[in-house]
Each structure stands twice: as structure tokens, then as C-alpha cells.
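Asks: Sequence and predicted structure are below.
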Amino acid sequence: MGVAQVVFIVLGLITVAAAVAVVSLPNLFHSALSLVLALFALAGLYALLGAGYIAVVQVLIYVGAVAVLIILGIMVSERFMGHRRQAISEQWWIGAIAAALLLAVLSYLGVRVAWPVVVQQPPSDMVARLGEALVGKYVLPFEVASLVLVASLIGAIYIARERS
């Protein structure tokens with residue numbers, strides 16, 4: 001077993017453990033921090049698999065923007081809600097059964113399906129073509145999404161600040 005395989009297994013275990021912590025921790029803020037850890041470990045998996053661009057986008061978009069907005073939203077809503085709700089629902093067993101069924105189906109598919117293996121290499125200019133598309137054909141949706149994120153961040157900061 002090589003070093004890359006060991007790192008892959010470790011990053012996979014970190015991702016799974018952090019994902020389980022996201023849905024099982026009673027404190028919502030700790031769950032959000034576990035989400036950040038899971039997203040970072042997933043970016044490490046992408047980098048290990050040779051998808052460096054996707055790893056960087058994972059860190060910038062999901063960890064840098066989405067997770068920060070989630071944490072900011074938790075901080076704002078905790079202040080206004082005042083009381084805490086029960087962390088575990090009485091219907092947790094329904095989710096556990098659904099998760100076990102999904103695991104069984106995915107395990108069956110992973111073992112029984114003959115997955116095709118393609119030996120063809122992706123085009124060498126794929127990142128350049130993606131960059132040209134982001135600043136060319138898709139520049140308007142890209143900028144609108146960035147404006148929406150900035151506006152929501154400014155609004156959350158305005159709501160969260162102390163009133164004088």
C-alpha cells in the first residue's frame with residue numbers, strides 16, 4: 001500500500017467522520033465547524049485525485065463562502081431565537097432506516113455494476129477553456145452570484161451588529 005493510498009484512506013475517514021458529526025452533534029455551531037472540516041477533507045481528496053482546480057474551487061466556494069455564510073447565519077439566528085430547541089428528534093429512527101437502505105443500495109450498486117473504465121486523457125487545455133467560459137459566456141451569472149453572496153453577507157452583518 002503506497003503513501004497516496006494511505007492518505008486517501010485517511011482523508012476519506014476524516015470526511016466520513018466529519019459528515020457524521022455534522023448530523024449528530026447537538027450544538028449547531030459545532031455541526032457547522034464539522035461541515036467545514038468535511039469540505040476541507042473533500043478538497044484534499046480532489047487534490048489527491050489530480051483535480052487541483054476542483055479542489056481550489058471547493059475551498060474557495062464552499063469553505064470560503066457557503067460555510068462562512070452558514071456560520072454567520074447561525075450566529076445571527078442564535079441571538080434572536082433566545083431559547084434552544086431539542087437537538088434530537090423523536091423520529092430519528094426513520095432517518096436511520098432510510099440511511100441504512102441507501103447504504104445497502106449503494107453498496108450493491110458499487111459491487112454488482114460493471115463500471116466502464118475510460119483510458120482517454122482529458123484535454124490538456126480544460127482549465128483554460130473553463131476560465132474562458134467563466135469570463136466569456138457565463139460572466140453575467142457568475143457576477144450575479146457573487147453580488148448575491150456579497151449582499152447577503154452585508155445584510156447578515158447589519159442584522160448581527162449590536163444596536164447602539
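Replies: Received, thanks. Numbers count the residues shown, from 1 in each chain.
Asks: Just give me the residue closest to the centre of this protein.
Replies: L39 (4.5 Å; CA atoms, centre = their mean).
Asks: So which other helices or strands are in contact with the helix or strand where that residue lies?
Replies: Per DSSP states H and E: L39 is located in helix 28-48. Packing partners of helix 28-48 (3 or more CB pairs under 8 Å, 6 or more residues apart in numbering; DSSP states H and E): helix 3-24, helix 52-57, helix 67-81. (Each C-beta comes from the backbone N, C-alpha and C, glycine too.)
Asks: Measure how the longest one sits relative to helix 28-48, angle-wise.
Replies: Computed with axes from the mean of the first three to the mean of the last three CA atoms, to 10 degrees, the direction of helix 3-24 lies at 160 degrees from that of helix 28-48.
Asks: Report all helices and strands that the lowest-mean-pLDDT helix or strand in the chain contacts.
Replies: Across the helices and strands of the chain, mean pLDDT, DSSP states H and E gives its lowest value to helix 67-81, namely a mean of 70. Identification of packing neighbours for helix 67-81 by 3+ CB pairs under 8 Å, 6+ apart yields helix 28-48, helix 139-160.
Asks: how about the ones you listed in CSV, adding distance to V22 and mean pLDDT?
Replies: CSV is the format used below for the helices and strands packed on helix 67-81 (distance: least, CB to CB, whole Å; pLDDT from 0 to 100):
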stretch, distance to V22, mean pLDDT
helix 28-48, 5, 90
helix 139-160, 21, 81
